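Student: Prediction below, plus the sequence it came from.
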Amino acid sequence: MIEMATSHTAPGIADGLIGAIGNTPLIKLQRASAATGCDILGKAEFMNPGGSVKDRAALAIIEAAEADGSLKPGGVIVEGTAGNTGIGITLVANARGYKSVIVMPETQSQEKIDFLRMIGADLRLVPAKPYKDPGNYVHVSERLAKELGALWANQFDNLANREGHRRSTGAEIWAQTAGRVDAFTCSSGTGGTLAGVALALKAQNPEVRIVLADPEGSALYGWVKSNDLTVTGSSITEGIGQSRVPGNLAGAPIDDALRIPDTEALAQVFSLLIDEGISVGGSAGINVAAAIRVARDLGPGHTVVTILCDGGARYQSKLFNPEFLRSKNLPVPAWLG
């Protein structure tokens, strides 16, 4: 690990990459707010240095491993990821003097693949297989970590993930809204963001409504509604949805769940971009669509917060590719048609 001299930074100056993670703004989403009579606020996680909310999980996992001694100077970190956590881990590892090995399904966007290679990750692409298959990227990463004698980040079941969000993301939302938050909506991959924010907000006000936003092809909606993990349908979104309940999500105080189809999510992605100049990926589209539904259910005058997980440029070859969208029978935005 690189030894850093003690420094004193002035207000407004981040102390290296680590100091630039978090403290993202809440953006009032104008069209969604006007349509519902509520304040719908998106936490701009695409403004983290690695471009996504997963920078927070990466930092929390690495700091916890440093604290308990499982990650030592010059160590190696292995993780299975849909891409964004791998990016966050690689950047934080670079800043801390570690090496990173990232295992990712080969079906993820080319932009993520290229970016991981660009920033120095040892990238291992594997066929996309369900979690029950030993070839699933999560299982491959666990075996690889054991073979290398490395730290397995284990973002799905490592509770440092949700604890990091409880201490940072959730605390920031409470402070930024001055405690005036009525509901929080978020999709779930590892469950870290949803669970961590839920724990933080519920500790301040048990009446805050926590709603899981789930794509088609995920079992989490059924798990929340009826403890049923049956999977139906499919989605083009990446990094969210599950066929099981990750450790980070277990026991989280969730009040309800909504299932959001790709068409509804894409409508928000395209509207945010062309009408408000905010570029986001598919999971943010699901989050905003869910926030709108929750706001309409609550009625005018409420504040609903959600997560703008990452930027749209990471999905240019899919979400903004007319040929890809038509192949999935999804709408093509007029300016690309």
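Tutor: Done, it's in. Treat the numbers as computed from the prediction; the structure is a model and nothing was measured. Numbering: from 1, shown residues only.

Student: Could you pull up the mean pLDDT of stretch 159-166?
Tutor: In this model, stretch 159-166 has a mean pLDDT of 98.

Student: how much space is there between residue 315 and residue 250?
Tutor: Using Cβ to Cβ, to the nearest Å, we find residue 315 at a distance of 29 Å from residue 250. In short, each C-beta sits where N, CA and C put it, glycine included.

Student: for residue 200, same thing?
Tutor: In terms of Cβ to Cβ, residue 200 sits 17 Å off from residue 250.

Student: ok, now residue 117?
Tutor: 34 Å.

Student: ditto for residue 240
Tutor: 17 Å.

Student: Any idea how far apart the tips of stretch 99-113 sit?
Tutor: Using Cα to Cα, to the nearest Å, the end-to-end distance of stretch 99-113 comes to 17 Å.

Student: Show me what counts as buried in that stretch.
Tutor: 99, 100, 101, 102, 103, 104, 105, 108, 109, 111, 112, 113 (16 or more other Cβ atoms under 10 Å).

Student: Please apply the same query to stretch 296-308.
Tutor: Counting neighbours by 16+ other Cβ under 10 Å, stretch 296-308 gives 298, 302, 303, 304, 305, 306, 307, 308 as buried.

Student: Any idea how many residues pack against residue 143?
Tutor: 13 (other Cβ atoms under 10 Å).

Student: next structured bit after the helix or strand residue 164 falls within?
Tutor: Counting by DSSP states H and E, the element that carries residue 164 is helix 160-165. Sequence-wise, the next helix or strand downstream of helix 160-165 (DSSP H and E) is helix 171-176.

Student: ok, residues contacting that following helix?
Tutor: 22-26, 43, 181, 184, 197, 200-201, 204, 305 (Cβ atoms under 8 Å, 6 or more residues apart in numbering).

Student: change it to 6 Å
Tutor: Outside helix 171-176, the residues that touch it by Cβ atoms under 6 Å, 6 or more residues apart in numbering are 26, 200, 204, 305.

Student: Buried among the residues you listed? Make that a PyMOL selection.
Tutor: Applying 16+ other Cβ under 10 Å to the contacts of helix 171-176, the buried members can be selected in PyMOL as follows:
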select buried, resi 26+200+305
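
Student: ok so, going back, tell me which of residue 315 and residue 250 has more neighbours.
Tutor: residue 315 (26 against 12).

Student: Next up, the contacts around that one.
Tutor: Residue 315 sits in contact with 109, 281, where contact means Cβ under 6 Å, 6+ apart.

Student: ok, and the closest non-adjacent residue to residue 116?
Tutor: The shortest distance from residue 116 to any non-neighbouring residue, by Cβ to Cβ, 6 or more residues apart in numbering, is to residue 123 (4.9 Å).

Student: That neighbour in helix, strand or coil?
Tutor: Three-state assignment for residue 123 (DSSP: H, G, I helix; E, B strand; the rest coil): strand.

Student: number of nearby residues for it?
Tutor: Residue 123: 20 neighbours (other Cβ under 10 Å).

Student: Confirm for me that it is in contact with residue 100.
Tutor: No. Taking contacts as Cβ atoms under 6 Å, residue 123 lies outside contact range of residue 100: 9.3 Å.
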